[in-house]
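Engineer: The following block contains a protein sequence and its predicted model.
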Amino acid sequence: MNESIEIFDGPPSFSDLVDRVMTKYGCRVDEISLRGRFDCGKARAHYVLMKLASDANWKHYKDVVHEANVACLEVIVEIVRMPGPNVVMREEVTVVNHNGTQESEMLHHVLGETERDFDLAIANDDFPNNFFERDEANIDVDNVSMGSEDCELEEDGDISMVHKAICESSMVNAEGTSIGESPVIKKGMKFNSLEELKFFLADYAVRLHRPFSVVHSDKNLRYNVMCKQGCHWRVWSRLISSTGQWRISNVVQPHTCRSSQPKREHVQCTAKYLGRRILGIIRKDSETSVPSLVESIFIFSGYRVKYSKAWRAKQHAVALLWGDWKESYGMVPRVLSAITYYNPGVKWWIDSCGMMVPDNGVLKHILQRVFWCFPQCSEAFQHCRPVILVDGTFLTGKYKGTLMIAVAVDPEQQIVPLAFALVESENNESWSWFMKLVRVNVLGPSRIVCMISDRHHGLLNCARDHIDGFPPLVHRWCMRHFAANMSRRQKSKGVIGKLKLLCTVHTESEFREKLEDLVKDLNDDAKEWLKGEMRDKDKWAQAFDEGGMRWGIMTTNFSESINGVFKGIRSRPVAGIIEYTFEKCNAYFVNRWGKARDMLDQGYRIGQVADNYLSEAELRSVHHLADPYGPERMVYSIRSYGSTNIGGESHGGRHYRVDLHEVSCTCNVPQLLHLPCSHFITACKARGLNFESPMYLSPLYSREHTIKIWESSFQPYLDPSQWTAYEGVGYVPNPNLMRNKVGRWKKKRFTGEMDVMAAPGYPLLEAAYDLHHRAHHLADNNENLTPLRARVHSPLRWDERYAQYLQRAGFLDIAVQVVGGLPPMDGPLLTAMVDRWRPETHTFHMPFGEMTITMQDAAMILGLPLHGLPVTGIIQNENWRDMVEMHIGIRPPEPEGGDSSKKTSGVSSAWLREHFEPWHRHDSLPTFYHVWKHVRPVRGNPDRRYRAYTNEFDVLTQYQVEWKPYDRQQLSDIVFSPMCYRDRELWRCTTPMIMYFVVEFHMPHRVMRQFGRMQPCPPLELSTSQQLHSIDRRKRYKENDWRVKHDRYIHMWNNKEGCDPEGGPYWRPNNEYIRWYCTSTRTKVKPSWTNVPIEDVPSEDDADIADAYDTVTRHGTQPERAPLHDYMGQQLARLSNEAG
C-alpha cells in the first residue's frame, strides 16, 4: 500500500481530483475507481466507504464527512492496469490539499461478490465436474498453490471465528472489531464448523465483489468453490475428521477477472450473510428501522438490497443473538437459571395461568407471565427512600405483551431498577400478580412504602390487596397523569398549569388559595370532575400527603425515563430482554458507584437532591428573623423576608412556627420532604445546631447511602456452552398473543391524553377480540346498535331415497327434524345472545356465569352421533359443473351468451325440478316430537325487542336458569331416540371440534352447572387460538388438505377421553366463583342510562323533585330496565351501609 500527499490550492472539485490522479499515475479514466472513507462510529472508530462517481457523490461525501467524528476527507483510489494477461496491479496514494484536508488513495487487491445463499451448492456448466479432482491430484498438499502465500499460522492453529480470520483491512465487522478490507485467504486456515467456513468465503466474495460457485459441498468430506466469472481463483477445503474442524487445504489466487459491483447484485450477499454482518447494529439497537439497515448495508457492502431482504437479515440477526421468537420463550427459564447460578439470590417466577397448548403433538405450558429481580437491586432499595414508581411499556416484537418495571430513586435523582416482569397486557390480574411479587421479594415487611403510578384500574386495585405479614401499600397518583385528565374536560394549557401548581403546594391554606383561582377558569364539566376528585385529594395533592409518603416525588418521570432506556429492546425476543436488563443493571451499578465514590472523596457528603435544595434554602435563611419561644427554646417564630413601600410600610413577610424537637414547620417542608426548610435552618442557626444532622436531614439523602445503593456487584453468567443443564418445564408463547397483522409492527402509541381513567381490565377478555366486539361498543362506547338479521335457508325437498343413507350415517334423526320445519328465528333474541358470546372461552358470558352449547345439547336436541372420525379432508378445486356431472350424470348448462359476470356456486332449484321429478313422501315415515312446534312467532318492533332482551339478560340471575333442561318433568313422557344417549360419555370431554377449516374447542369444564355439577373457581384456562378464528371461507389458503393443516387438532380429537357426565360434586351456590367471575369479565352490556339520575326541578317547593327517568318514561319512550335496576341496587346498598 502506497501513500502520497498532494497539495491543492483550494478545496478540489471532483474533476480536479480525477485530473490529479490521471496526471500523477498516467492512467485513463476507465482505469480508476474512487471511494471516499469516513468514520461513522461513536464510542470507537467505524470506517465505511462511499462510492465517488460524480460531482453529486463528491458533494454528498463532503457533507457526510463534515458531520462525522473526524472531519477528514480520505479518498481510496483503485487503479487497474493490464500490462500482461491475468495480471492485475493496484496501488495506494494519500493526498492532502492546501487547506489541510487529507485525502488518501489506497490501491489494493480487489475481490468479488454474489447473490444466493452460500450454503447451497451451485453447479457451473463452464467446467467439468472432475476439474477439482484433477487439480488436487497434481498439487502437493504441503506446497503453496499459485498465487497463495506461505501460511503464517502453525499447523494446529485455530481460527474459531470468521471475523477474526479476516485481519488486514480497516473495515469494521458486526462485532465492532477492525477487520480486513482486503481479506486474504491462506492455506492452513482452520474453522470450527462448515458454517463458519461458508461465511468466511461469502464475506471474502462480497467484500471484493467476486462471486463464486460451489463445485463440491459434502458436510462429511469437502467444500470446494470456484470463481463464478471464469478466472482461475478457487479454494479447496476439507474436514479434519479427528477434530471436526475444517481446513483450507489449497487456494489459487488472486482473481484475474473484473469486479462484479456494477451488476448491483451478488449471489453470496444473502439475508443469512447480511444477518451476521449487522449483528453489532442489532445488538446495540434492536429497533433499528429496516430502511436504515438498507442504507447501512449499502455503505459496507456496496449493494442496495431490497426491503424484504434487509428485513429477513434483521430477523436472522435477532435469531443469532437471542434465539428464534418462539424458541426464546423456552430459553427464558434457562437464561434465568444461568443468571441465578452465577448470582445467587436472583428471584424469578413463571406463571402459565394453568394454560397449555399442543406443540408438536405434546402439551406444553404457556409462558403467560415471568417476573425477575436481582438481589443487588433488592439490597439497593433498602438504602433508597421508601418510594417506588411503576409503569409498563408494550412490546413491539412478533408477540404482543407488556414489560412492567418498578424503580426507586437514589439521592442523586437517578433511577434504581428494582424488578421486571413480562405479562400478556396491563390488566387487573397482571398488575396484582406483579405488585404482589414486588412487595414480597423487593420491598419487604420492614417499612411502609409509597407507590406512585398512573390511575390504571389494575394499579388502583392492587394497591388495596392485603398480604399477611406485610404493611399496606400506600398509593399516590402521578401529578402529570392526573392533570392530563383535565384536558378531556377543558383543553387549556393555562388550566393544566394551574392544576399542577395546585398539586405541588405544601400547605392547606395555599391549596385553598390556588383552588379558588383555578375554579374561576374552569367550565362546568371540569368543575364537576374536580369536585369528584376532591375526596381523594390525599392521592394527588402534596399538601394532604399525610406522613410525607411521597418524599417530594410528584411524577413517574423516573419510571418513564427507564422505559425510554428499555424502549430499544421492546422488539427483542423475551430472552434477549432479560439478558439486557441484567447487562444494563450491571452497567448502572459499576458506573454510578464509581461516580459516587469520587464525589464523596472530594468532600461532597450530601446527595444532589438535598444539596440543591439546601443551597437555595440556606441563601433564603439569611433574610429570616428568629424569635425563640418556651423555656427550652426549641420552638421558634420565624419571620420571612418582606419588603417596604415608599411610605415605609413593611409587607409581604410571613410568620412560621418551627419546632426543633418535633422537626416540623408550618410551611410543611420538613414533614413532606424530610429535609430542613429555610425557616428550620434559621432556627437551627439561632439555636447553634447543625441542620445537616441526621435528626433533621434524613440519612437517605446522604452520598454514603448512594454508595451503599450501588456497591453490590454482578457476576457474569458466561455463554450458553458453560451454563448448567436445565431440566425443568418447557414453555411456549401464547399463540393468541402473536401478531397476525401483515406489515410493519406497531412501535409507537399515540394517545390524546396521557392517562384517561382506564376502563376496568377484564382478564378473561382479550383486546384483539374485544376491540370490535358488540358488547364493547354497547357497554364502553355507549353506542346504539341494531339487531342482526337471521339468515335461514329452506330445507331441500325430502326424498325417501335419502333415508337409508342418512340412517347409515346416523343423520336420519336430524334430517327428519329439519324436514319437519325449523323453529322460528327471533333475530333480536339471537343478537342479544351474540352480544354475550366470547370467542376467548367459547361461552356466553351471562351476569351470573358462563353458559354454552355442549355436546349434550347436540345429542339430545339433534340426535347426532358424537363418536367418529373428524369431518375433514381435501377441498377439491375442480369446476362445480364437473363435479355435478360426475355425481349425477347430467352437466348443468353454461351461462347464456357466455356471460360469466354472474358467478354461481351450484345448480338452481328450477334446473333440478326440470330434470328430476319429485318423490312424494309416504305417510309411513317416522315423526319426531318438537318442543318448538308450540312456540309462536314473535311479533313487534325488532329494535324494541332487542333492547328488551338485552335488559332482561343484564338482570338475569342463576336462580332463573333451567340448568338441566333435559331432566324437566314436562319431558318425562317423551321417548328420546337411542342416538341421544349413545355417546353420553363424551358430553363432558374437552376436545377440538373439526369441520374442514373450522376448529372450535368444546370446553364443558367452564359450564359444569349445565350438568348439575359444582363449577370450579376459576376454571382451567385453555387457549382457543386466535389464529383458528381468523380462518374462514373468505380467504384463500395454499393448502387444500386440511388434514395436514389441522393435524395436531385431529390428533387431540382421536385421543379424546370420555368421562362420566354425572361425576363430581353436585351444584350449589358458589360465591367464590361469582366473585372471581364478576371481576374477570364484562357482566353488564347496557351502560348507565343517565349520569344524573335524579334532577332538581325549579320549584318553590324544595321537596318537589322529579325523576328524570320517569320524565322520559311519561313521554312514551321505552324504559331501560336493567340500568335502572343496577342504579337502584347501588343506591340501596349505599343506604344500607350508611345505616350500619
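Structural biologist: Sure, I can see it. Numbering: from 1, shown residues only.

Engineer: Give the partner strands of the helix or strand harbouring residue 370 in its sheet and their orientations.
Structural biologist: Using DSSP states H and E, residue 370 maps to strand 369-373. Neighbouring strands of strand 369-373 in its sheet, by DSSP bridges, are strand 347-351 (antiparallel), strand 415-423 (antiparallel).

Engineer: ranking those by burial, who's on top?
Structural biologist: strand 415-423 (a mean of 24; mean count of other CB atoms under 10 Å). In this view, the C-beta of every residue, glycine as well, is placed from N, C-alpha and C.

Engineer: now for the one helix or strand residue 951 maps to, which elements pack on it?
Structural biologist: According to DSSP H and E, residue 951 maps onto helix 942-954. For helix 942-954, the contact count by 3 or more CB pairs under 8 Å, 6 or more residues apart in numbering; DSSP states H and E identifies helix 827-834, helix 1121-1139 as packing neighbours.

Engineer: got the angle for it vs helix 827-834?
Structural biologist: 40 degrees (axes from the mean of the first three to the mean of the last three CA atoms, to 10 degrees).

Engineer: worst average pLDDT in the helices and strands packed on helix 942-954?
Structural biologist: Note on the helices and strands packed on helix 942-954: lowest mean pLDDT is at helix 1121-1139, with a mean of 68.

Engineer: Identify the spatial nearest neighbour of the most centrally placed residue in the chain, chain neighbours not counted.
Structural biologist: Taking CA atoms, centre = their mean, the centroid of the chain lies closest to residue 395, which sits 2.2 Å from it. Sequence neighbours aside, residue 401 is the residue nearest to residue 395 in space, at 4.4 Å (criterion: CB to CB, 6 or more residues apart in numbering).

Engineer: Identify the residues contacting that neighbour.
Structural biologist: For residue 401, the contact set (CB atoms under 8 Å, 6 or more residues apart in numbering) comprises 394, 395, 422, 423, 424, 425, 574, 737.

Engineer: The same query, at a cut-off of 7 Å, please.
Structural biologist: Listed by CB atoms under 7 Å, 6 or more residues apart in numbering, the contact partners of residue 401 are 395, 422, 423, 424, 737.

Engineer: tell me the helices in the stretch 551-700 of the chain, going along the chain?
Structural biologist: Here the stretch 551-700 of the chain has its helices, by DSSP state H, counting those that start in this stretch, at 557-565, 574-601, 608-621, 669-673, 678-687.

Engineer: Can I get those in TSV including mean neighbour count?
Structural biologist: Below are those laid out as TSV (neighbours: other CB atoms under 10 Å):
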stretch	mean neighbour count
helix 557-565	18
helix 574-601	18
helix 608-621	17
helix 669-673	21
helix 678-687	23
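
Engineer: Which one, of those helices, ends up nearest to residue 654?
Structural biologist: Ranking the helices of the stretch 551-700 of the chain by proximity to residue 654 (CB to CB) places helix 678-687 first, at 9.5 Å.

Engineer: hmm, back to that, now render the helices of the stretch 551-700 of the chain as a markdown table, adding mean pLDDT.
Structural biologist: Shown next, in a markdown table, are these (pLDDT from 0 to 100):
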| stretch | mean pLDDT |
| --- | --- |
| helix 557-565 | 63 |
| helix 574-601 | 92 |
| helix 608-621 | 91 |
| helix 669-673 | 94 |
| helix 678-687 | 93 |
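
Engineer: in stretch 1000-1020, what's buried?
Structural biologist: By 16 or more other CB atoms under 10 Å, the buried positions in stretch 1000-1020 come out as 1001-1004, 1006-1011, 1013, 1015, 1018-1019.

Engineer: List the contacts of it.
Structural biologist: 354, 841-843, 849-852, 854-855, 963-964, 987-988, 990-993, 1022, 1024, 1061, 1064-1068, 1070, 1072-1073, 1076.

Engineer: can I get the CA coordinates of that stretch in CSV?
Structural biologist: Below are the C-alpha coordinates for stretch 1000-1020, written out as CSV (Å, rounded to 0.1, in the frame of the first residue of the first chain):
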residue,chain,number,x,y,z
GLU,A,1000,-63.8,-24.9,17.6
PHE,A,1001,-63.0,-26.1,21.2
HIS,A,1002,-65.6,-27.8,23.3
MET,A,1003,-65.0,-26.7,26.8
PRO,A,1004,-67.6,-28.1,29.2
HIS,A,1005,-65.3,-27.6,32.2
ARG,A,1006,-66.4,-23.9,32.1
VAL,A,1007,-70.1,-24.7,32.4
MET,A,1008,-70.3,-27.5,34.9
ARG,A,1009,-73.6,-26.2,36.2
GLN,A,1010,-75.3,-27.3,33.0
PHE,A,1011,-74.5,-30.8,34.0
GLY,A,1012,-75.8,-30.2,37.6
ARG,A,1013,-72.3,-30.1,39.0
MET,A,1014,-70.2,-27.7,41.0
GLN,A,1015,-68.3,-25.1,39.0
PRO,A,1016,-64.6,-24.8,40.0
CYS,A,1017,-63.1,-21.3,40.5
PRO,A,1018,-61.5,-20.4,38.3
PRO,A,1019,-61.9,-23.0,35.5
LEU,A,1020,-58.8,-24.3,33.8
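
Engineer: hmm, back to that, now the helix holding residue 951: average pLDDT?
Structural biologist: pLDDT averaged over helix 942-954 gives 85.

Engineer: and after it, which helix or strand comes next?
Structural biologist: Once the chain leaves helix 942-954, the next helix or strand it forms, by DSSP H and E, is strand 991-995.

Engineer: got a list of contacts for that next one?
Structural biologist: Under the criterion CB under 7 Å, 6+ apart, residues 870-872, 999-1002, 1046, 1049-1050, 1052-1053, 1056 lie in contact with strand 991-995.

Engineer: now stretch 369-384
Structural biologist: Stretch 369-384 has contacts (CB under 7 Å, 6+ apart) with 332, 336, 343, 345-351, 408-410, 416-424, 430, 433-434, 437, 441-442, 578, 585, 589, 700, 705, 708-710, 712, 714.

Engineer: Now do residue 60 against residue 38, distance only.
Structural biologist: Going from residue 60 to residue 38 by CB to CB, to the nearest Å gives 11 Å.

Engineer: actually residue 51, sorry about that
Structural biologist: Counting by CB to CB - residue 51 and residue 38 are separated by 13 Å.

Engineer: and these two? which has more neighbours close in?
Structural biologist: Legend: neighbour count by other CB atoms under 10 Å for residue 51 and residue 38, higher for residue 38 (23 against 15).

Engineer: Can you tell me the SS state at that one?
Structural biologist: Going by DSSP: H, G, I helix; E, B strand; the rest coil, the secondary structure assigned to residue 38 is strand.

Engineer: Test my guess that it contacts residue 64.
Structural biologist: Yes: counting by CB atoms under 7 Å, residue 38 does reach residue 64; the two are 5.8 Å apart.

Engineer: Could you check the angle the strand holding residue 370 makes with helix 574-601?
Structural biologist: Interaxial angle of strand 369-373 relative to helix 574-601 (the same axes, to 10 degrees): 20 degrees.
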